[in-house]
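# Pasting a predicted model and its sequence here:
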There are 2 protein chains.
Amino acid sequence: MTLKIYADRMSQPSRAVIIFCKEMIHYTAPKEINPLRQVPAIVDGRFKLFESHAILRYLACAFPGVADHWYPADLFKRAKIESVLDWHHSNLRRGAASYVLHSTLAPALGLKKNPQAAAEGEKILSASLEQIESFWLKGNGRFLLGSFKPSIADLSLVCELMQLEVVDEKDRDRILGPHKKVKQWIEDTNQATRPHFDELHAILFKLKAKLQKQRLLEANNKIESGTKTLLPSKM
Amino acid sequence: MTLKIYADRMSQPSRAVIIFCKEMIHYTAPKEINPLRQVPAIVDGRFKLFESHAILRYLACAFPGVADHWYPADLFKRAKIESVLDWHHSNLRRGAASYVLHSTLAPALGLKKNPQAAAEGEKILSASLEQIESFWLKGNGRFLLGSFKPSIADLSLVCELMQLEVVDEKDRDRILGPHKKVKQWIEDTNQATRPHFDELHAILFKLKAKLQKQRLLEANNKIESGTKTLLPSKM
């Protein structure tokens, strides 16, 4: 097989593509530097492609034996999945990526935290979660559009939401807490793509542990410096 | 025919959908209020759909006789078009919509102009134009991906750019000026979808004339009030 995947496990669209590949195709990730300077990207023989949704669609069509539920051939079912995938860009992705960057990841990337931008991101994120809960997850099935099996849209959107793992736990609970169906759907998508789902998100849980440790240290420092101010004679 | 299109001619994704319909299908726009509260949206019999890219894909597949170049059946050609359509959301659309809103349309919508947000929008817009000029418009043809005939991606992206018509002329020249291929491509897409392209953008040119008049009035008022200050004895 000549399929090469250029991906960064720290990016959620990359993780969606790799999980799908692992689910569908037995592939080995290459070690070369990505020539397209954007991840995820694939090179299949002489064919190059980027943008995660375009890659997911292509993989679902190009390889034999991919189960139809991932990207149904039926015109109407497929159109509804396209609608979710397009909606994702300006809603869930915009909200989640912006919130996680400005509330949590900024310092690690050499930027200052930006509470105003984080608040704006949270607003879009919460509205998106509400729309998933009350609209996209309507119906009998456990997956988007009332389906009984996951599609590439479930994979893309759930991978987007998984980045909330790195956020401070009380903020994550405030945002995800009101959305019981969303939380169950994340779990169901994980179950449906095991063990690849957990394997691909391991990098995220490592980062989560590191950030939790940092927050604990910062909190302890604050208490100590508070103690200094309150009880200077004893220090 | 039972196809109904719910659209707002003031929105560029709506215009892209209507132009495509007019190009492909003889339809009459309904007068009912859009039940989905989002435009554009379509109702085809019992099937409802929103998100302009999803609608464009659906229309290209659902109706007989739509020329293949709009949304090629070929796996590789189609995948490249998907890549442009997905890229559009987080790049050209994000930049253009934000720039035009914060630099020009805000007062008409009861908002204050926001020069910082406009500058951030312009940055994304200019980077997107550069990528269209040097990457997406590479090749022999006059259209995206070096094609000789337009696709639904040409229509979507050019409709996005047309909103720059309402911006102050010197700002528009500053932004579009360096991109000769982009300007020619807008003209070529217009030519390829005449007379529907001009007809659908008429509403934009009306708004442009109105805003130009306003700017002229504001400039005159400034000169007059300046004169007042300089020559109070003559007023």
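The structure has been received and is ready for your questions.

# Quick one: name the residues of chain A near chain B.
A:47, A:49-54, A:57-58, A:61-62, A:75-76, A:79-80, A:82-83, A:85-87, A:89-90, A:93-94 (C-beta under 8 Å from any C-beta of the partner chain). C-betas here are computed from N, CA, C, even on glycine.

# Can you report how many residues neighbour A:Ile5?
22 (other C-beta atoms under 10 Å in any protein chain shown).

# where do the strands sit along chain A?
A:3-6, A:41-44, A:47-50 (DSSP state E).

# Keeping just the C-alphas, turn the first one into CSV.
Listed in CSV are the C-alpha atoms of strand A:3-6, where the atom choice follows Å, rounded to 0.1, in the frame of the first residue of the first chain:
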residue,chain,number,x,y,z
LEU,A,3,-1.0,5.5,1.4
LYS,A,4,0.9,7.9,3.6
ILE,A,5,-0.7,9.9,6.3
TYR,A,6,0.9,13.2,7.6
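
# what about that strand, distance to the chain center?
Between the centre of strand A:3-6 and the centre of its chain there are 20 Å (C-alpha atoms, centre = their mean, to the nearest Å).

# cool, the last one as well?
Relative to its chain's centre, strand A:47-50 lies at 22 Å (C-alpha atoms, centre = their mean).

# Could you list the paired strands of it along with their orientation?
strand A:41-44 (antiparallel) (DSSP bridges).

# How about residues contacting the partner strand?
Contact with strand A:41-44 is made by A:2-7, A:17, A:34-35, A:48-50, A:55, A:58-59, A:62, as judged by C-beta atoms under 8 Å, 6 or more residues apart in numbering or on different chains.

# same thing with stretch A:112-124?
Taking C-beta under 8 Å, 6+ apart as the rule, stretch A:112-124 contacts A:91, A:94-104, A:106-107, A:175.

# if you set the cut-off to 10 Å instead, what comes out?
A:90-107, A:125, A:167, A:171, A:174-175 (C-beta atoms under 10 Å, 6 or more residues apart in numbering or on different chains).

# Spatially central residue for chain A, please.
The residue lying closest to the centre of chain A (C-alpha atoms, centre = their mean) is A:Glu160, at 2.2 Å.

# Let me see the contact set for the nearest residue to A:Ile132 once chain neighbours are set aside.
Once flanking residues are discounted, A:Ile132 sits nearest to A:Val182: 5.6 Å by C-beta to C-beta, 6 or more residues apart in numbering or on different chains. Contacts for A:Val182 (C-beta under 10 Å, 6+ apart) come out as A:128-130, A:132-133, A:136-137, A:157-158, A:161, A:176.

# Mind putting the strands of chain A into JSON lines with distance to B:Val66 and mean pLDDT?
Supplementary listing: these in JSON lines, determined by distance: least, C-beta to C-beta, whole Å; pLDDT from 0 to 100:
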{"stretch": "strand A:3-6", "distance to B:Val66": "31", "mean pLDDT": "82"}
{"stretch": "strand A:41-44", "distance to B:Val66": "27", "mean pLDDT": "89"}
{"stretch": "strand A:47-50", "distance to B:Val66": "24", "mean pLDDT": "92"}
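
# Once you drop chain neighbours, what's closest to A:Trp136?
Among residues not flanking A:Trp136 along the chain, A:Leu144 sits closest, at 5.0 Å (C-beta to C-beta, 6+ apart).

# which stretches of chain A have low pLDDT?
In the predicted model, chain A carries pLDDT under 70 at residues A:1, A:25-37, A:226-235.

# residue ranges of the helices in it, please?
Using DSSP state H, the helices of chain A run over residues A:12-24, A:52-62, A:75-88, A:94-100, A:115-131, A:152-162, A:169-176, A:180-192, A:196-230.

# Pick the most deeply packed of the ones you listed.
The highest mean neighbour count among the helices of chain A, using mean count of other C-beta atoms under 10 Å in any protein chain shown, belongs to helix A:152-162: a mean of 25.

# helices or strands up against it?
Applying 3 or more C-beta pairs under 10 Å, 6 or more residues apart in numbering or on different chains; DSSP states H and E, we find helix A:152-162 packed against helix A:12-24, helix A:52-62, helix A:75-88, helix A:94-100, helix A:115-131, helix A:180-192, helix A:196-230.

# switch to 6 Å and redo it
Judged by 3 or more C-beta pairs under 6 Å, 6 or more residues apart in numbering or on different chains; DSSP states H and E, the packing partners of helix A:152-162 are helix A:12-24, helix A:75-88, helix A:180-192.

# Next, format the ones you listed as JSON lines and append distance to A:Ala202.
Shown next, in JSON lines, are those (distance: least, C-beta to C-beta, whole Å):
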{"stretch": "helix A:12-24", "distance to A:Ala202": "10"}
{"stretch": "helix A:75-88", "distance to A:Ala202": "24"}
{"stretch": "helix A:180-192", "distance to A:Ala202": "13"}
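
# Figure out which of the ones you listed is closest to B:Cys21.
Of all the helices and strands packed on helix A:152-162, helix A:75-88 sits nearest to B:Cys21, with 15.3 Å by C-beta to C-beta.

# Taking helix B:12-24 as reference, get the angle to the closest one.
150 degrees (axes from the mean of the first three to the mean of the last three C-alpha atoms, to 10 degrees).

# Export helix A:75-88 to PDB, keeping only CA atoms.
C-alpha atoms of helix A:75-88 as PDB (Å, rounded to 0.1, in the frame of the first residue of the first chain):
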ATOM      1  CA  LEU A  75     -28.100  10.500  -1.600                       C
ATOM      2  CA  PHE A  76     -30.300  11.700   1.300                       C
ATOM      3  CA  LYS A  77     -28.300  10.100   4.100                       C
ATOM      4  CA  ARG A  78     -25.100  11.400   2.600                       C
ATOM      5  CA  ALA A  79     -26.500  15.000   2.200                       C
ATOM      6  CA  LYS A  80     -27.500  15.100   5.900                       C
ATOM      7  CA  ILE A  81     -23.900  14.000   6.900                       C
ATOM      8  CA  GLU A  82     -22.500  16.700   4.600                       C
ATOM      9  CA  SER A  83     -24.800  19.200   6.400                       C
ATOM     10  CA  VAL A  84     -23.300  18.200   9.800                       C
ATOM     11  CA  LEU A  85     -19.700  18.300   8.500                       C
ATOM     12  CA  ASP A  86     -20.200  21.800   7.000                       C
ATOM     13  CA  TRP A  87     -22.000  23.000  10.100                       C
ATOM     14  CA  HIS A  88     -19.100  21.800  12.300                       C
END
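
# thinking again about what came up before, for the helices of chain A, give me JSON lines that also has distance to B:Gln212.
Below are the helices of chain A laid out as JSON lines (distance: least, C-beta to C-beta, whole Å):
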{"stretch": "helix A:12-24", "distance to B:Gln212": "42"}
{"stretch": "helix A:52-62", "distance to B:Gln212": "39"}
{"stretch": "helix A:75-88", "distance to B:Gln212": "34"}
{"stretch": "helix A:94-100", "distance to B:Gln212": "32"}
{"stretch": "helix A:115-131", "distance to B:Gln212": "32"}
{"stretch": "helix A:152-162", "distance to B:Gln212": "42"}
{"stretch": "helix A:169-176", "distance to B:Gln212": "45"}
{"stretch": "helix A:180-192", "distance to B:Gln212": "47"}
{"stretch": "helix A:196-230", "distance to B:Gln212": "51"}
